[in-house]
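K.L.:
give me a model of this one.
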Amino acid sequence: HLAASLPLPSERDHLRPRIDLVVFMIDIKSKYSLKNVETSLAYVDASFFLGKVCFLVTGVGRMNACSIEMNAIRKLGEAYCSPVLFCELELEGIRVTTAQRLLRMLRICAGHIPGVSALSFVSLMRSSHDD
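P.N.:
Modelled structure (predicted):
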């Protein structure tokens, strides 16, 4: 399910499935994209930031067209203790790899991978980034 921004409309709450993972997409070419994500973050329950939120940054193959500083995006990930994935959607191989990573994260967040919780997964990702 996709939404352009948060909060989600409440009139369909009874039809909405459980939310296991929230992926905020940021288009590196659009400052509006980052502002929209920053505004939407206020509507996410704090418990989701324990392994059930990630930021997906698109357009990284065209850094010359960049409107957002990479440092601002990294700080966003650090502030919310959430992983940041970078991808170029126009390249099929990277798009497929990114989709596979997101599906793996979703399986973990939904509890479909025995012995791995969303929180432990994020702490493993943070440790590997800090090394």
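
K.L.:
for residue 9, grab phi and psi.
P.N.:
Main-chain torsions, residue 9, degrees, to the nearest 10: phi -60, psi 130.

K.L.:
burial of it, as a residue count?
P.N.:
By other Cβ atoms under 10 Å, the residues close to residue 9 number 8. No exception for glycine: its C-beta is placed from N, CA and C like everyone else's.

K.L.:
what mean pLDDT does stretch 91-101 get?
P.N.:
The average pLDDT for stretch 91-101 rounds to 92.

K.L.:
buried set for it?
P.N.:
residue 98 (16 or more other Cβ atoms under 10 Å).

K.L.:
same check, this time on stretch 99-110
P.N.:
Neighbour-count burial for stretch 99-110, counted by 16+ other Cβ under 10 Å, picks out 102, 105-106, 108-109.

K.L.:
same question for stretch 27-39.
P.N.:
27-29, 33-34, 36-37.

K.L.:
ok, now which ones touch the nearest residue to residue 28 once chain neighbours are set aside?
P.N.:
Nearest residue to residue 28, sequence neighbours excluded (Cβ to Cβ, 6 or more residues apart in numbering): residue 59, at 4.1 Å. Going by Cβ atoms under 8 Å, 6 or more residues apart in numbering, residue 59 touches 27-29, 65-66, 88-89.

K.L.:
perfect, I'm done here.
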